[in-house]
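# quick one, fold the following:
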Amino acid sequence: MNPRVIHIYCTAAALAALAATVLTASPRAAAADHTTPVARGKYLVNTSGCHDCHTPFKIGPNGPEPDMSRMLSGHPEALQMPPAPTLPAGPWLVTSSATNTAHAGPWGVSFTANLTPDAETGLGQWTLKDFMSTIRTGRHMGRGRPVLPPMPIPVYNNFTDADLEAVYAYLRTVPPIKNRVPEPLPPAQKTAGQ
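Okay, the predicted model is just below:
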């Protein structure tokens, strides 16, 4: 056999073997294994941007990154934020804290919730019905104050009941973190002529 043909054959076989290994070991392939509601919930939390706001950021070697030692604990209770800024008429931008857990806009200042199962400061007292009602109605515990921006309630309303049950099941398994998130701050008072 021609050495050049053998080299091409061996290279093609090696690439095929490598592709098979990568495909079976890839995160996407592993993520497809949702044999339990907790595993499915973990997948949904990790792919739906929950950590982007509910896990406080810290400065890492490459810039801001989620501080996984405070995973899903919401806005740090010790971090005091100023009142909501007065915004000009017309289009506006949202301002966020360095931890990416506090957001100011026309609604005032909102703080991301503690999603850990801490009984006093997190979701520990919440039932599955409370959790699902919050997402379905956009109201705290399904009956309280509105859930404020930037929480993407219109997006999360697309989750099926089974998806929300899985997310709730997973959140019950994360380490509880005692962190009392402040209540939202009201919008800035407009003065005459604004």
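
# pLDDT at the residue nearest the centre of the chain, what is it?
Nearest to the geometric centre of the chain sits Cys50, at 0.7 Å (Cα atoms, centre = their mean). Note for Cys50: predicted pLDDT of 96.

# next up, phi/psi of it, please.
Phi and psi for Cys50, reported as degrees, to the nearest 10, are phi -60, psi -40.

# leaving out sequence neighbours, find the closest residue to it.
Leaving aside its sequence neighbours, Cys50 sits nearest to Leu72 (Cβ to Cβ, 6 or more residues apart in numbering; 6.7 Å). Placement of C-beta: from N, CA and C, glycine included.

# tell me the phi and psi of the one you found?
Leu72 adopts backbone torsions of phi 60, psi 20, taken as degrees, to the nearest 10.

# show me the contacts for it.
Val45, Cys50, His51, His54, Thr55, Asn114, Leu115, Thr116, Leu171, Val174, Ile177 (Cβ atoms under 8 Å, 6 or more residues apart in numbering).

# cool, and Thr127?
Applying Cβ under 8 Å, 6+ apart, no residues contact Thr127.

# give me phi/psi at it?
The phi/psi pair for Thr127 (degrees, to the nearest 10) reads phi -90, psi 170.

# now swap in the one 10 residues further on and tell me
Thr137 adopts backbone torsions of phi -100, psi -20, taken as degrees, to the nearest 10.

# tally of neighbours for it?
If you count neighbours by other Cβ atoms under 10 Å, Thr137 ends up with 16.
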